[in-house]
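Participant: Structural data only, the sequence is not supplied:
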Ligand SMILES: Cc1cc2nc3c(=O)[nH]c(=O)nc-3n(C[C@H](O)[C@H](O)[C@H](O)COP(=O)(O)OP(=O)(O)OC[C@H]3O[C@@H](n4cnc5c(N)ncnc54)[C@H](O)[C@@H]3O)c2cc1C
């Protein structure tokens, strides 16, 4: 029987390629008319905006054996990223295995596999399901007391800086998206305020003329995560300065315990006074925003760059708990892939962490394929691994797994998956 792969973003494409090479029958179902996921600019589930460029360099982001063209910039524009993904899908002959314009509305476990239902009310039986639906689709909207008479929007629907023309704008949130959009707004808005809660570390895109993230991928000798953090934080303080010097909160976490902000422009604009920092919002009142320090500003547009919720709308609550070990705000899975039950349900792409890129998604897919092969050809190895899965899934989440519980350190994670694939082979 066939495996269903939900989604044709980078994670679904990686799964399709790996399953194809492993001779595992599969079918990808994609709700849009084209592959690309987030990189399909303008699609309903894409959070990419007109000015989006990769924040991880092309060498660390691209699939390891399918590099982006040499004459492309180090941090390509989103349109190039989509071209790259289309070329990857063509090169590995994936298009014929993808059913487009189809949404998986429900998946339910059967006695001998899974049944999927689609938006045209048809159903199909599968041996198993690889969920690659992405986790940047459902906006996280904070509950803010009061009411606002201006325009309030989430970054998911932000596409073009023209909406800022002549307006007094408040951007909320200090992730990479919030920073990108604050920089976009500087050139169009009459005033840009930036409301931030917790601090974060800032890394530049380039160091000594080279993409700053390349060095850590090439390093032969790797320090433990905490030591690496302490050392690189000192380098960053020397090269670009501590966030506090720009009026931002001091980060309460270490550099490699969260995704850092890859943006030096925002610091420059803070230093120039183009962007003014504000604390969290206390209340909205007409066109006024009252902040927790008691300060009040009149604004025309509030843009919430407050991130996304992890959701699996095609699994009902019972299945989420029993099949996917749901422990809000995300399922608690071994290596973010394997649920505790041997139910032929796997998740690929549910990872947060700078540096993981699409080679990380490829490795996840290879791990699933290695497990399926071991279950068929080396049951002792598969059984031993299942004991590891069970142990992991009952243990509490590690403290350093980030706000969604899915944060990984890309060096440790890639090593763990590589070792596991060897063990299962
Ligand atoms: C503005 C922005 C900048 C980013 N910059 C970077 C970067 O520099 N480097 C980086 O590595 N990552 C970046 N990302 C993260 C990006 O999400 C990943 O690069 C990548 O797209 C994740 O791939 P994915 O396949 O897991 O999810 P997605 O790309 O979200 O793809 C999921 C796919 O599943 C489909 N789908 C979902 N549900 C269903 C369903 N029920 N039925 C059928 N199809 C379904 C969706 O339509 C979509 O095509 C960025 C994201 C954004 C929004």
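Facilitator: Happy to help now that I have it. Worth saying up front: this structure is predicted, and the values here are computed from it rather than measured.

Participant: Just the pLDDT at residue 1, thanks.
Facilitator: Looking at residue 1, its pLDDT stands at 83.

Participant: how many neighbours does the residue nearest to it when sequence neighbours are not counted have?
Facilitator: Leaving aside its chain neighbours, residue 1 sits nearest to residue 127 (3.6 Å; criterion: CB to CB, 6 or more residues apart in numbering). To be clear about C-beta, it is placed using only N, CA and C from the backbone, and glycine gets the same treatment. Applying other CB atoms under 10 Å, we find 16 other residues in the vicinity of residue 127.

Participant: For residue 127, which residues are in contact?
Facilitator: By CB atoms under 8 Å, 6 or more residues apart in numbering, the contact list for residue 127 reads 1, 2, 3, 25, 113, 114, 344.

Participant: show me where the stretch 301-425 of the chain has helices.
Facilitator: Listed in chain order, the helices of the stretch 301-425 of the chain (DSSP state H, counting those that start in this stretch) span 317-324, 357-377, 379-394, 410-424.

Participant: Give me the mean pLDDT for the last one.
Facilitator: Pointing back at helix 410-424 there. Per-residue scores along helix 410-424 average to 96.

Participant: Tell me the residues of the stretch 101-250 of the chain that contact the ligand?
Facilitator: 103, 104, 132, 133, 134, 136, 177 (CB under 6 Å from any ligand atom).

Participant: Select from the residues you listed every entry located in strands.
Facilitator: Of those, the ones assigned to strands by DSSP state E are residue 104.

Participant: what about burial for the residues of the stretch 101-250 of the chain next to the ligand, which qualify?
Facilitator: For these, a burial check counting by 16 or more other CB atoms under 10 Å picks out 104, 132, 133, 134, 136, 177.

Participant: Pick the most buried one from the helices of the stretch 301-425 of the chain.
Facilitator: Mean neighbours per residue, mean count of other CB atoms under 10 Å, is largest over those for helix 357-377, with a mean of 21.

Participant: quick check, that one touching the ligand?
Facilitator: Yes: for a cut-off given as CB under 6 Å from any ligand atom, helix 357-377 has contacts with the ligand, namely residue 357.

Participant: Also compute the angle for that helix relative to helix 410-424, please.
Facilitator: 20 degrees (axes from the mean of the first three to the mean of the last three CA atoms, to 10 degrees).

Participant: Any idea how far helix 357-377 is from the middle of the chain?
Facilitator: Distance, stretch centre to chain centre, for helix 357-377: 19 Å (CA atoms, centre = their mean, to the nearest Å).

Participant: going forward, begin numbering at 28 instead of 1
Facilitator: OK, 28 is where the count begins now, so the last one is helix 384-404.

Participant: Who are the packing partners of that helix?
Facilitator: For helix 384-404, the elements it packs on are helix 37-49, helix 85-88, helix 406-421, helix 437-451, judged by 3 or more CB pairs under 8 Å, 6 or more residues apart in numbering; DSSP states H and E.

Participant: And the last one, what does it pack against?
Facilitator: Using 3+ CB pairs under 8 Å, 6+ apart, the elements in contact with helix 437-451 are helix 384-404, helix 406-421.

Participant: Dump these to JSON lines, plus mean pLDDT.
Facilitator: What follows is these, written out as JSON lines (pLDDT from 0 to 100):
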{"stretch": "helix 384-404", "mean pLDDT": "97"}
{"stretch": "helix 406-421", "mean pLDDT": "96"}
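
Participant: Include distance to residue 78 when you put the ones you listed into JSON lines, please.
Facilitator: Output for these, formatted as JSON lines (distance: least, CB to CB, whole Å):
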{"stretch": "helix 384-404", "distance to residue 78": "21"}
{"stretch": "helix 406-421", "distance to residue 78": "40"}
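
Participant: who wins for most neighbours among the contacts of residue 154?
Facilitator: Going by other CB under 10 Å, residue 30 tops those with 24 neighbours.

Participant: out of the buried ones among the residues of the stretch 128-277 of the chain next to the ligand, who's nearest the ligand?
Facilitator: Set against the ligand, the nearest of those by CB to the nearest ligand atom is residue 161 (2.2 Å).

Participant: tell me the contacts of that closest one?
Facilitator: 34, 36, 38, 64, 65, 72, 376.

Participant: hmm, try it at 7 Å
Facilitator: 34, 36, 64, 65, 72, 376 (CB atoms under 7 Å, 6 or more residues apart in numbering).

Participant: now do residue 203
Facilitator: Counted by CB under 7 Å, 6+ apart, residue 203 has contacts 82, 288, 289, 290.

Participant: Return a ChimeraX selection command for the buried portion of those residues.
Facilitator: Of the contacts of residue 203, the buried ones go into a single ChimeraX selection, burial set by 16+ other CB under 10 Å:
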select :82,288,289,290
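
Participant: Now, the contacts of residue 203 that are in strands?
Facilitator: 288, 289.

Participant: The contacts of residue 203 also near the ligand: which ones?
Facilitator: residue 82.

Participant: right, and out of the contacts of residue 203, which lies closest to residue 219?
Facilitator: When the contacts of residue 203 are ranked by distance to residue 219 (CB to CB), residue 290 comes first, at 14.3 Å.

Participant: What are the neighbouring residues in contact with the closest residue to that closest one other than its chain neighbours?
Facilitator: Nearest residue to residue 290 in three dimensions, chain neighbours excluded: residue 206, at 4.4 Å (CB to CB, 6+ apart). Residue 206 makes contact with 288, 290, 293, according to CB under 7 Å, 6+ apart.

Participant: what's next to the helix or strand of the chain with the lowest mean pLDDT, contact-wise?
Facilitator: Across the helices and strands of the chain, the lowest-confidence element by mean pLDDT, DSSP states H and E is helix 241-245, at a mean of 83. Outside helix 241-245, the residues that touch it by CB under 7 Å, 6+ apart are 84, 86, 87, 382.

Participant: try 6 Å this time
Facilitator: Contact with helix 241-245 is made by 86, 87, as judged by CB atoms under 6 Å, 6 or more residues apart in numbering.

Participant: same check, this time on stretch 443-452
Facilitator: So stretch 443-452 is contacted by 390, 393, 394, 397, 398, 401, 408 (CB under 6 Å, 6+ apart).

Participant: redo that, cut-off 7 Å
Facilitator: 362, 390, 391, 393, 394, 397, 398, 401, 408, 412.

Participant: Could you report the neighbour count for residue 286?
Facilitator: With other CB under 10 Å as criterion, residue 286 counts 19.

Participant: and it, that one's in a strand?
Facilitator: No: read with DSSP: H, G, I helix; E, B strand; the rest coil, residue 286 is coil and lies in no strand.

Participant: can you pull the contacts of it?
Facilitator: 379, 380, 381.

Participant: the strands in the stretch 28-177 of the chain, which residues?
Facilitator: Per DSSP state E, counting those that start in this stretch, the stretch 28-177 of the chain carries strands over the ranges 30-33, 53-56, 125-126, 131-137, 140-145, 150-153, 155-158, 165-166, 173-175.
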